[in-house]
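Asks: attaching a predicted model along with its sequence, questions to come.
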Amino acid sequence: MAEETFLDLGRVEAIAKLYEGTPYKPSENSSFETSGKSQILTKARTFIEGIDFDLTYFPLKHLGYKCVTATTGELYAGFSHPRALEIRLGISAKLDFKHIREVWEGAVTAAKEHDYKSVGLDLLPSPNGLTISVSAVGETTLLMSKRRPAAKSMDLICVSDNLGAAFMGFQVLERERKAFEKSGDVKAQPKLDDYKNLIGAYLKPQINPQTIKQMEDAEIMPSYGYLVNRGLADAVKRLVRDSGLGAKIYVDKLPFAGKTFELGKEMNIDPISAALNGGEDYRLLFTIPIGKHEKFRHDFQTFDIIGHLAKPEVGAVVVTPDGVELPMKAQGWNNN
């Protein structure tokens, strides 16, 4: 049986077919009911082919999954529970229905993992490659929004998982892509087996969907929350800006995935720089009251305590194992 195409189906029928077998229904507007005792948070991201992803090596299912996960992480950083999702796909001429089905399947997998109640979808033509726009709506309970404490010097800075792995995995993929293009051998196989965990961190990042509920149940209320998506330094600098306090991050407390340093040596990349400025990790960073130290360490063992807030005049600094404090620099933005 021949593959169905957009020419066969048309936009409306294509959308209807994509919803088949999912727990969601096509709708012009995604909505959900609230208890009336909550606040609403909205977040949106746009992912552009050639800038945010390369289809040379990015599996389409992973791409759909990552785009939803990345946007959902912004809700968790704002202490919200995911509720409604809107996805708009700008589709280039080189992609057809079977390709978009793969993107959609990955997106639905992530939506189910994060317990979205409704998911909307629209399909549009794109003259310049695949574009994925994701808008997410979350609900913040009054418990979390009203009982968040004021940040204080010495409060803990915690991160949900290892740092720098996604950037390192991206470097492997780029290295193998360039080697493939240079060789001209269509049968050449990329050398990926040694660093599957790092590549996976880039292609399919994971965020624990239970984190906010677990904090509510444990009555541990962070004062600030951020998604580490442009490197740790960027998140910490935003924390310093928003809190009006300083921050100390200890290099020997940073968590790294297995083989990160091995790959760093192989490719002459400093893993600490990758953690600070690499990006694409999609980890959660929270500040926790120092008085909750023991309970937090006991109940949230997947988090690492990497530093603490400090007096405002400290600014944002990295502390070396020798105790030397260095000003933290976030990577500059190049719009060329």
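Replies: Sure, I can see it.
Asks: sheet partners, orientation included, of the strand or helix carrying Lys248?
Replies: Counting by DSSP states H and E, the element that carries Lys248 is strand 246-250. Strands adjacent to strand 246-250 in the sheet, as given by DSSP bridges, are strand 304-310 (antiparallel), strand 316-319 (parallel).
Asks: could you dump it to CSV, C-alpha only?
Replies: Taking only C-alpha atoms (Å, rounded to 0.1, in the frame of the first residue of the first chain), the coordinates of strand 246-250 have been written out as CSV:
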residue,chain,number,x,y,z
GLY,A,246,25.2,36.9,44.7
ALA,A,247,25.8,33.3,43.9
LYS,A,248,28.8,30.9,44.4
ILE,A,249,29.0,27.8,42.2
TYR,A,250,31.6,25.2,43.2
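Asks: what's the mean pLDDT across whichever helix or strand comes after that strand?
Replies: Following the chain from strand 246-250 toward its C-terminal end, the next helix or strand by DSSP H and E is helix 260-267. Helix 260-267 carries an average pLDDT of 95.
Asks: going forward, count from 47.
Replies: From this message on, residue numbering opens at 47, which makes the last subject helix 306-313.
Asks: output helix 306-313 in CSV with nothing but the alpha carbons.
Replies: This file holds the C-alpha atoms of helix 306-313, laid out as CSV (Å, rounded to 0.1, in the frame of the first residue of the first chain):
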residue,chain,number,x,y,z
THR,A,306,32.3,13.3,29.7
PHE,A,307,35.9,13.9,30.6
GLU,A,308,37.0,11.0,28.3
LEU,A,309,35.4,12.7,25.4
GLY,A,310,36.6,16.1,26.5
LYS,A,311,40.2,14.9,26.3
GLU,A,312,39.6,13.2,22.9
MET,A,313,38.1,16.4,21.4
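Asks: okay, buried residues for it please.
Replies: By neighbour count with 16 or more other Cβ atoms under 10 Å, helix 306-313 contains the buried residues Thr306, Phe307, Leu309, Gly310. C-beta: built from backbone N, CA, C; applies to glycine.
Asks: farthest-separated two in those?
Replies: Phe307 and Leu309 (7.4 Å; Cβ to Cβ).
Asks: one step back: any chance of the strands paired with strand 292-296 in CSV, with distance to Gly210, mean neighbour count and mean pLDDT too?
Replies: What follows is the strands paired with strand 292-296, written out as CSV (distance: least, Cβ to Cβ, whole Å; neighbours: other Cβ atoms under 10 Å; pLDDT from 0 to 100):
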stretch, distance to Gly210, mean neighbour count, mean pLDDT
strand 350-356, 12, 21, 98
strand 362-365, 14, 20, 97
